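Enquirer: Take this sequence and fold it.
(one chain, ligands or ions: 1)
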Amino acid sequence: MASLAHTIPPHVKPEQVFEFDIYADPRISDDVQGSYAEALRHAPDIFWSPLNGGHWLVQRHDLIAEVVKNPAVFSAREMQIPRVKNPPLFIPLNLDPPGNVPYRHVLMPKFSPRAVAEMEGKMRAMAAEIVADVADAGTCDFVHDVAARFPVSVFMEVMGLPLEKLHEFRAIADGFFKAHTNEEYQAASQQIAAIFHELIDFRRKAPGEDLISHFITVDFEGRKLSLEEIMAMCTVLFLGGMDTVTNVTAFTFQQLADDPALQSRLAADPALLPQFAEEGLRMFGVIGTPRLVVQDFDAHGIAFRKGDMVLNALWQSGRDPTRIANPDRFDIDRKDMAHLNFSTGPHLCLGHALARAEMRILAEEWLKRVPSFRAIPGAHHGFRMGTVIALKSLPLQWDIA
Ligand code: HEM
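Expert: Next comes the predicted model:
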């Protein structure tokens with residue numbers, strides 16, 4: 001729940017204060033990233049928002065890179081704004097270097113471009129099936145029926161969740177990402193933990209080629225990973241690997257629905273889809289990554305003080321006019337591509353090759369069956385703000401032959 005009490009500590013200068021509610025700012029609209037950029041256009045590059053417990057917000061590409069590459073000052077140990085008591089531990093996300101490195105080594109081979117390429121056929125079949133389920137209807141809620149379903153299927157494949165669990169797992173994942181109350185969130189988290197426990201037990205007896213079997217069998221600095229470590233990594237993959245892809249895909253399709261010329265161009269030339277996906281990733285970043293200041297540090301006129309929280313608004317990195325010409329224009333031919341939506345430095349997203357492949361494959365399979373479509377006029381989309389931005393729905397329609 002957002003705390004709206006104003007907090008301005010003495011080390012923050014008055015000109016560094018800019019009031020912005022990262023959970024519910026009234027200036028934000030369905031064009032979430034566009035209205036964000038507009039709302040912060042005249043804010044300092046690094047500013048202190050006194051809301052939500054008070055925190056810094058960093059909004060320029062190069063400054064964000066400086067922060068996330070300096071874990072000795074800006075620790076990933078805590079990622080909640082406002083700070084909470086007993087924050088959960090996600091591995092490797094909450095471990096600063098060097099602690100995170102061996103865990104990244106465990107994960108990396110499973111998410112390398114080669115590993116992703118090996119999954120291409122299976123992913124394509126899953127995407128085709130999801131699109132086929134709606135193609136003849138002439139209408140769908142793209143978020144619910146397509147963008148949310150595909151990453152869950154891919155995740156299950158990566159983790160080695162048996163296919164007969166698909167519907168059960170999809171329903172639980174859906175419940176988790178839709179949870180509003182603490183009780184709903186807790187209930188869904190417990191169900192997810194139970195599924196992973198069951199799966200770990202199953203794979204201990206019957207190891208396969210999947211990620212869980214890899215976690216169970218891998219040699220980790222001369223020992224086996226504990227159940228707690230495996231669970232903490234599964235949770236990061238669950239949180240990081242599904243909602244993110246869903247949300248970027250949803251915003252990118254919201255954009256594409258308004259651009260019939262680009263739809264025709266992409267349908268005629270699927271070789272352009274990697275550029276399309278990358279431009280979507282640049283324009284529609286969905287993650288803001290918090291850091292905790294663990295030692296006093298002065299830079300760029302700012303006195304960062306131990307205990308301050310910092311939100312790196314990664315979605316602003318792709319809209320930075322000092323790096324990108326006409327940053328609010330969707331242009332798949334642009335040469336000045338720059339964004340940090342997968343972060344950079346010690347926690348660079350491990351799933352970036354998979355995410356890019358998922359976006360490309362889903363767009364290709366969609367355009368094969370639905371080459372021309374539009375948003376239903378007047379339909380309410382709705383969005384969620386916070387450290388992960390989401391579009392709630394995207395009602396589309398198209399003509400059926
Ligand atoms: C468009 C989709 C995605 C976006 C925008 C995204 C973004 C990010 C970002 C910004 C971080 C760094 C967070 C930080 O520094 O605090 C991160 C970390 C991570 N992501 Fe992704 N991600 C996406 C998809 C995925 C997928 C598909 C997977 C795998 C299934 C994945 C797995 C991870 C993991 C394991 C980490 C932790 C890395 C570490 O802490 O060393 N992500 N992601």
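Enquirer: Would you map the helices across the stretch 51-200 of the chain?
Expert: 61-68, 101-111, 113-135, 149-159, 166-178, 182-205 (DSSP state H, counting those that start in this stretch).
Enquirer: Buried residues in the first one, which are they?
Expert: Looking back up the chat, that one is helix 61-68. 61, 63-68 (16 or more other CB atoms under 10 Å). C-beta: built from backbone N, CA, C; applies to glycine.
Enquirer: Could you do the last one as well?
Expert: Buried residues in helix 182-205, counting neighbours by 16+ other CB under 10 Å, are found at 188-189, 191-192, 195-196, 199-200, 202-203.
Enquirer: want to try a markdown table for the residues you listed, with distance to the ligand as columns?
Expert: Formatted as a markdown table, the buried residues of helix 182-205 follow (distance: CB to the nearest ligand atom, whole Å):
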| residue | distance to the ligand |
| --- | --- |
| 188 | 18 |
| 189 | 18 |
| 191 | 19 |
| 192 | 14 |
| 195 | 16 |
| 196 | 14 |
| 199 | 15 |
| 200 | 17 |
| 202 | 20 |
| 203 | 18 |
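Enquirer: May I ask which two of those are separated the most?
Expert: 188 and 203 (22.5 Å; CB to CB).
Enquirer: Helix, strand, or coil at residue 393?
Expert: coil (DSSP: H, G, I helix; E, B strand; the rest coil).
Enquirer: can you tell me how far it sits from residue 145?
Expert: 10 Å (CB to CB, to the nearest Å).
Enquirer: Same check on residue 168?
Expert: Residue 168 is 18 Å from residue 145, by CB to CB.
Enquirer: Quick one, which of the helices of the stretch 51-200 of the chain gets closest to residue 310.
Expert: Smallest distance to residue 310 across the helices of the stretch 51-200 of the chain (CB to CB): 6.2 Å, for helix 61-68.
Enquirer: The closest one: how far from the chain's middle?
Expert: On the basis of CA atoms, centre = their mean, to the nearest Å, helix 61-68 sits 18 Å off its chain's mean C-alpha point.
Enquirer: for stretch 143-155, same thing?
Expert: For stretch 143-155, the separation from the chain centroid amounts to 14 Å (computed by CA atoms, centre = their mean).
Enquirer: for stretch 270-277, same thing?
Expert: With CA atoms, centre = their mean, you get 20 Å for stretch 270-277.
Enquirer: So for it, what gets flagged as buried?
Expert: Quick answer for stretch 270-277 (16+ other CB under 10 Å): 272-273, 275-277.
Enquirer: If anything else comes up later, I'll come back, but that's it for now.
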